[in-house]
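# Predicted model follows, preceded by the sequence.
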Amino acid sequence: MSQALGAKPASLLVLLTVMWGLNQVAIKVALGGFPPMLQMGLRSAVAGVLVLLWCFARGVPVFRSGRRFGPGVLTGMLFAMEFALVFFGLTMTTASRSVVFLNTAPFFVAVGAHFWLGDRISPAKAAGLALAFVGIAVAFLDGLSPGTLNTAAGDVLCILAAVFWGGTTLVVKGTSLREAPAEEILLYQLLVSAPLGFGLSVLVGEAGIGPVTTTELVAFLYQGVVVAGASYLAWFWLVRTHSAPLLHAFTFIVPVSGVFFGAVLLGDPVGWRHGIALLLVASGIYLVNRPAPVRRAVPPGA
């Protein structure tokens with residue numbers, strides 16, 4: 001397992017986190033035509049079909065090991081709970097607040113990996129995580145002020161979603177799934193979360209898809225094709241090959257990119273705090289990802 005990211009994996013992570021920042025805005029926009037649980041189920045179903053086609057076209061062997069079935073279903077349930085909470089949460093809070101609380105996941109991963117996976121938190125990594133979190137707090141200083149009861153409820157749901165996101169990463173790292181192709185890991189999550197989303201939609205009595213605008217349709221397809229399909233394949237490939245807390249440190253970029261897209265697409269105000277936040281986040285990522293110094297042997301008699 002790599003303890004420091006090279007240039008290519010780090011660049012891929014930056015691209016993914018920027019895409020995920022836009023995803024929060026896309027979910028909020030698509031809620032205008034797609035109810036939350038139905039939207040979750042449909043996007044998982046769309047992405048699942050695309051990933052299956054990808055596996056067939058490229059001859060990727062999936063579902064060949066029965067011992068991965070249990071952990072696979074577990075990750076699917078955790079994945080479904082994460083996004084059920086996010087989608088419900090976004091009906092009660094803003095996209096900007098949601099992205100802040102969802103991205104507390106690195107802390108749950110770091111603590112879980114420390115105790116369960118033996119991936120110890122060094123003082124430098126702890127300082128990096130703390131610094132990046134301060135950056136997020138600065139960026140959303142106004143938004144983190146106490147809100148209404150409904151907003152607070154949505155915030156709590158997004159924090160719980162972060163717990164499930166962190167749990168998904170830990171299960172992948174700590175079970176036989178770490179030996180599975182990235183496509184198989186993603187398929188377990190998509191194929192489990194799709195029927196759960198449809199079932200929850202019926203259970204809570206959602207009315208079904210309403211009149212859908214072109215913008216809402218594009219936002220939905222972005223989630224299903226680009227994010228839940230292509231970007232998650234890349235993410236789980238990285239999860240299998242690199243340190244979990246190190247990867248999750250990069251997710252602090254998501255709120256910053258989410259603010260940018262919120263300003264461009266939704267008209268959210270952006271102030272000087274976000275520039276400071278970017279510097280803090282970048283510094284935190286450097287501390288977390290910095291390779292340990294190589295100790296040189298001291299010549300005898302030196």
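Ah, there it is.

# so where's the stretch 1-150 of the chain uncertain?
The stretch 1-150 of the chain contains residues with pLDDT under 70 at 1-4, 139-150.

# In it, what residue spans correspond to helices?
Counting by DSSP state H, counting those that start in this stretch, the stretch 1-150 of the chain has helices at residues 7-30, 36-58, 69-89, 95-102, 105-112, 123-139, 149-174.

# The stretch 201-302 of the chain now?
214-221, 232-241, 244-249, 253-261, 272-289.

# right, so of the ones you listed, which gets closest to residue 58?
helix 232-241 (11.2 Å; Cβ to Cβ). To be clear about C-beta, it is placed using only N, CA and C from the backbone, and glycine gets the same treatment.

# how distant is that closest one from the center of its chain?
11 Å (Cα atoms, centre = their mean, to the nearest Å).

# Go through it and flag the buried ones.
Across helix 232-241, burial judged by 16 or more other Cβ atoms under 10 Å covers 232-240.

# Output the helices of the stretch 201-302 of the chain as CSV; include the columns mean pLDDT and distance to residue 89.
Formatted as CSV, these follow (pLDDT from 0 to 100; distance: least, Cβ to Cβ, whole Å):
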stretch, mean pLDDT, distance to residue 89
helix 214-221, 94, 17
helix 232-241, 79, 20
helix 244-249, 69, 20
helix 253-261, 79, 14
helix 272-289, 70, 22
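
# now for these, which one comes closest to residue 137?
Closest to residue 137 of these, according to Cβ to Cβ: helix 272-289, at 8.3 Å.

# Is residue 286 in contact with residue 125, as I believe?
No - here residue 286 lies out of contact with residue 125, judged by Cβ atoms under 8 Å, at a distance of 11.1 Å.

# Neighbour count for the two, which is higher?
residue 125 (22 against 14; other Cβ atoms under 10 Å).

# Next one: residue 171 from residue 188, what distance?
Remark: distance between residue 171 and residue 188 (Cβ to Cβ, to the nearest Å) = 10 Å.

# Comparing these two, which residue is more hemmed in?
Counted by other Cβ under 10 Å, residue 171 and residue 188 do not tie: residue 188 has more neighbours, with 27 against 21.

# gap between that one and residue 68?
8 Å.

# anything in contact with each of those two?
Counting by Cβ atoms under 8 Å, 6 or more residues apart in numbering, the shared contacts of residue 188 and residue 68 are residue 177.

# rewinding a little: which neighbours do residue 171 and residue 188 have in common?
Shared contacts of residue 171 and residue 188, counting by Cβ under 8 Å, 6+ apart, come down to 75, 177.

# Name all residues that make contact with residue 25.
Per Cβ under 8 Å, 6+ apart, neighbours of residue 25: 95, 219, 258, 261-262, 265-266.

# what do you get if the cut-off is 10 Å, keeping everything else the same?
By Cβ atoms under 10 Å, 6 or more residues apart in numbering, the contact set of residue 25 is 95-96, 98-99, 219, 222, 257-266, 268.

# and if you look at residue 234?
Residue 234 sits in contact with 9, 12-13, 15-16, 19, 182, 186, where contact means Cβ under 10 Å, 6+ apart.

# I'd like these written out as CSV, with distance to residue 252 added.
Rendered in CSV, the data for the contacts of residue 234 read as follows (distance: Cβ to Cβ, whole Å):
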residue, distance to residue 252
9, 16
12, 16
13, 11
15, 15
16, 13
19, 15
182, 23
186, 23
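
# Give me the neighbour count for residue 115.
10.

# ok, now residue 215?
The number of residues near residue 215, taken as other Cβ under 10 Å, comes to 14.

# Once you drop chain neighbours, what's closest to it?
residue 29 (6.2 Å; Cβ to Cβ, 6 or more residues apart in numbering).

# isn't the one you found right next to residue 221, touching?
No - under the criterion of Cβ atoms under 10 Å, residue 29 is not in contact with residue 221, lying 11.6 Å apart.

# Give me the more crowded residue out of the two.
The neighbour comparison of residue 29 against residue 221 (other Cβ under 10 Å) goes to residue 29, with 21 against 15.

# quick one: contacts for that one?
Contacts of residue 29 by Cβ under 10 Å, 6+ apart are 95, 213, 215-216, 218-220, 222-223, 265-266.

# Which single one of those residues is nearest to residue 60?
For the contacts of residue 29, the nearest to residue 60 is residue 223 (22.8 Å; Cβ to Cβ).
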